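Novice: Provide a 3D model corresponding to the input given below.
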Amino acid sequence: MMLPSFRTLVTFQVVFISLASAQFFTQLRFQKWFEFHNAAPNISNSACSHTLSLYEEGARIFPHAESTQVLCLNHMECILDTMGSSTQNMFGSALVLLGLTPAILAGVGFTVGEIAYIAVHRPGLSFLLSMGSPVIFSGRVLSYSDPEQAWQNTGSSKLVLNGMNPRFGVVISVLQYILATGSVANIFTLVVEISTRSISTFDCIDYYKPIVWAIVPIFIHLIATVPYLMGGKRSGNLYASPWPQSDLGTHVQVALLGSRKKNSSHLNKSSLQNPVSQSTCARFLWRTKRYIIEEMTICACRPPVSLSSITKVPLWCVGFNTTASLIGLVHIIFGTIVLSSVYFIRVEIAVYCIVRFIISAVICRLILIVEFAGMRGDTK
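Specialist: Numbers count the residues shown, from 1 in each chain. Next up, the predicted model:
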C-alpha cells in the first residue's frame, strides 16, 4: 500500500511543477524586483533603457539563444555600473549571506534515514516534510544513514509522548498537515520570488535554477526511501506494516465517530477487514480507508512496535542510501553556487529570505520530533 502512494505523490508533484513552471519560465527578465528601496527598476527603465529594449527585442524573437544571453548580461552590467561601487558592495554582502544559506539549513535538515523511517508509518506526511526542508543533512560522506537508528538518535531524544488522548491525536495530525503544507508553500513561493525578482550572473535568461534546488531534495529522499521499503518486504521484515491490523485505526475511528465504548473494536475489525470476495470498487474503498487511517494516526496514538525482528538490510538498499547522502552533499554545493550568484538583492532582503527558509525547516523538524517522540513512547 505504501509504494503505490509514493508513485502517486511523485506523479502529482511532476505534473504540478510542469504546470506551475510553464507560467513564468518564458517571461522577460527585469520586469519584477524586490522592494526595500531598490533603485534598480528606475535605472533599468531610464538610464539603461536602450540596453533593456535590445534585450526585450532579442528575448521575444530568440528567448533562449546565446545572443539573448549576451544582451541580458549587458543590461545587467549597465544597471550595476550606473548604481556605483557602494551599491555593488552591498549586493556582494547579500550574496555572501545567501551563499551560506544551504550550509545553515543543513543543520536543520533531515537525514535520508529519518525521512525513510517516517515514510514507513506516514508516507504522505514524510513527502510533505521532504518538500518543506530544502536541504539534506548528509553527515559523513558515504556513511549509511540507518533508518532504524535515526529516530533514536534524533535531537530531543529524551522527549517521550505516550498515552495521548485519541481525539487530541487527530487534532495534532491535522495541525501537522496544515503546518507542513504551509512550510512547503512558503519554500516554493520564496524560490519563485528569488527566481523572478533577481538575475543570476552565470545564467541571466533562465529562471529555473533556484526552483530546481528546492525540488531536488524530494527525489533524493525518494532514492533512499523507496528501496528501503522494498528491501524490507523482500527480506521478510514488516517495514511497511509495523502496526497490528487488529488495532489499526481504532484511535482515529474513536475520535472521528465520537465513541469510547469498548465494543467499538468490532466496528474496527469489520470495517478494516479486506473484502477479498467483494467487487473491485469495494476493495479500492477498503484500501483507501485503510491508507487514510494509517496516514492520519500519529505515532503517539499507535500500538506498540518492536524492532527486534529487523536485523538485516539488503546491500543494494545500503547502496541507494549512501548514494542519496552523497547526492545531498552535491546538492548543498549546487545551492551555494545558485544562491551566491543572484544579483539585485539587498542585505535586508537576503536576511528576510534566510529567515523564511529557516522557519519552514524548523517547523518540519518539530513535526518530525513529535512523531519520533511518539515512537519512542510506544517502543518496547
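
Novice: ok, now which ones touch the closest residue to A214 other than its chain neighbours?
Specialist: Nearest residue to A214 in three dimensions, chain neighbours excluded: V191, at 4.4 Å (CB to CB, 6 or more residues apart in numbering). (Glycine included, C-beta is placed from N, CA and C.) Contacts for V191 were tallied using CB atoms under 8 Å, 6 or more residues apart in numbering; they are P134, P210, I211, W213, A214.

Novice: okay, now the third one: neighbour count?
Specialist: For I211, the number of neighbouring residues by other CB atoms under 10 Å comes to 21.

Novice: Kindly report the same for E348.
Specialist: 14.

Novice: same question, T280
Specialist: T280, neighbours per other CB under 10 Å, totals 7.

Novice: Likewise for I136?
Specialist: For I136, using other CB under 10 Å, the count is 29.

Novice: helix or strand for the nearest residue to it once chain neighbours are set aside, which one?
Specialist: Distances taken as CB to CB, 6+ apart put G328 closest to I136, at 3.5 Å, once the chain neighbours are dropped. Assigned by DSSP states H and E, G328 falls within helix 315-339.

Novice: Pretty sure G99 sits against I333.
Specialist: No: judged on CB atoms under 8 Å, G99 makes no contact with I333 at a distance of 10.7 Å.

Novice: Now M164: closest residue in space that isn't a chain neighbour?
Specialist: Going by CB to CB, 6+ apart, M164 has A300 as its nearest residue, at 4.5 Å.

Novice: The one you found contacts F168, correct?
Specialist: No: with contact defined as CB under 8 Å, A300 and F168 do not form a contacting pair (9.3 Å).

Novice: Between the two, which has more neighbouring residues?
Specialist: Set A300 next to F168 and count neighbours by other CB under 10 Å: A300 wins out with 24 against 13.

Novice: Just the pLDDT at the more buried one, thanks.
Specialist: Note on A300: pLDDT of 74.

Novice: ok, it to I327 distance?
Specialist: According to CB to CB, to the nearest Å, A300 and I327 sit 32 Å apart.

Novice: how about the strands in the stretch 251-380 of the chain?
Specialist: With DSSP state E, counting those that start in this stretch, the ranges of strands along the stretch 251-380 of the chain come out as 342-343.

Novice: about what we covered before: for the residue nearest to I136, which residues are in contact?
Specialist: V112, V135, I136, F137, S138, P217, I220.

Novice: Could you work out the most separated pair of these?
Specialist: V112 and V135 (12.2 Å; CB to CB).

Novice: ok, now which ones touch the residue nearest the centre of the chain?
Specialist: With distances taken as CA atoms, centre = their mean, the residue of the chain nearest its centroid is M131 (1.1 Å). Residues near M131 by CB under 8 Å, 6+ apart: Q13, V184, I187, F188, P217, I218.

Novice: Show me what counts as buried in the one helix or strand it maps to.
Specialist: Under the criterion of DSSP H and E, M131 resides in helix 123-132. Within helix 123-132, the residues that count as buried by 16 or more other CB atoms under 10 Å are P123, G124, L125, S126, F127, L128, L129, S130, M131, G132.

Novice: ok, so of these, who is nearest A65?
Specialist: M131 (33.7 Å).

Novice: gap between that closest one and I358?
Specialist: Separation of M131 from I358 (CB to CB): 16 Å.

Novice: isn't there a strand covering I178?
Specialist: No: going by DSSP: H, G, I helix; E, B strand; the rest coil, the assignment for I178 is helix, not a strand.

Novice: How far does the host helix or strand of T82 sit from its chain's centre?
Specialist: Using DSSP H and E, T82 sits within helix 66-83. The chain centroid and the centroid of helix 66-83 are separated by 34 Å under CA atoms, centre = their mean, to the nearest Å.

Novice: neighbouring contacts of it?
Specialist: Contacts for helix 66-83 (CB under 8 Å, 6+ apart): 29-30, 39-40, 43-44, 47-48, 51-52, 54-55, 58-59, 62, 87-88, 91, 199, 201, 203-205, 343-344.
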